[in-house]
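Enquirer: Here is a sequence together with a model predicted from it:
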Amino acid sequence: MMPRQPEACADLSDVRVEIDRVDQALVDLIAERFGYVERAWQIKLAEKAAANVPWRNQQVIDKVRARAVERGVPPDLCEALWRQMIGWFIQYEEEKLRDQLEGKSRA
């Protein structure tokens with residue numbers, strides 16, 4: 001079944017079906033992004049790099065805001081979502097790096 005455009009939704013049931021479809025796609029994309037984050041901390045461990053790279057965080061936010069503007073989405077909404085996601089991923093990377101470093105120091 002082809003996705004419906006918002007204006008083609010006749011009722012809330014149609015809207016909810018499409019929102020569920022979009023939510024599924026978003027989770028799939030977050031899973032894909034998570035795979036890259038998983039690889040990033042492994043590379044950072046090998047390179048002895050920090051999990052939090054502020055200039056890169058800002059670069060990502062700037063790109064997301066620009067894309068939001070292009071797509072007609074409130075850039076403040078996208079920035080808030082990405083800052084939350086970036087914060088979570090940084091914390092995840094820091095925990096993974098700490099676990100690996102502590103594990104190595106005990107060996």
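Expert: Received, thanks. Numbering: from 1, shown residues only.
Enquirer: Walking through the protein, point out its helices one by one.
Expert: 12-47, 54-71, 75-106 (DSSP state H).
Enquirer: Quick one: closest of the ones you listed to Gln5.
Expert: Closest approach to Gln5 among the helices of the chain (Cβ to Cβ): helix 12-47, 8.7 Å. (Glycine included, C-beta is placed from N, CA and C.)
Enquirer: Tell me which other helices or strands the closest one touches.
Expert: helix 75-106 (3 or more Cβ pairs under 8 Å, 6 or more residues apart in numbering; DSSP states H and E).
Enquirer: Give me the packing partners of the helix it packs on, helices and strands only.
Expert: Counting by 3+ Cβ pairs under 8 Å, 6+ apart, helix 75-106 packs on helix 12-47, helix 54-71.
Enquirer: List the buried residues of it.
Expert: Using 16 or more other Cβ atoms under 10 Å as the test for burial, helix 75-106 gives 75, 78-79, 82, 85-86, 89-90, 93, 96-97.
Enquirer: How about stretch 48-55?
Expert: Ala51.
Enquirer: Kindly report the same for stretch 20-33.
Expert: Of all the residues in stretch 20-33, not one is buried under the rule 16+ other Cβ under 10 Å.
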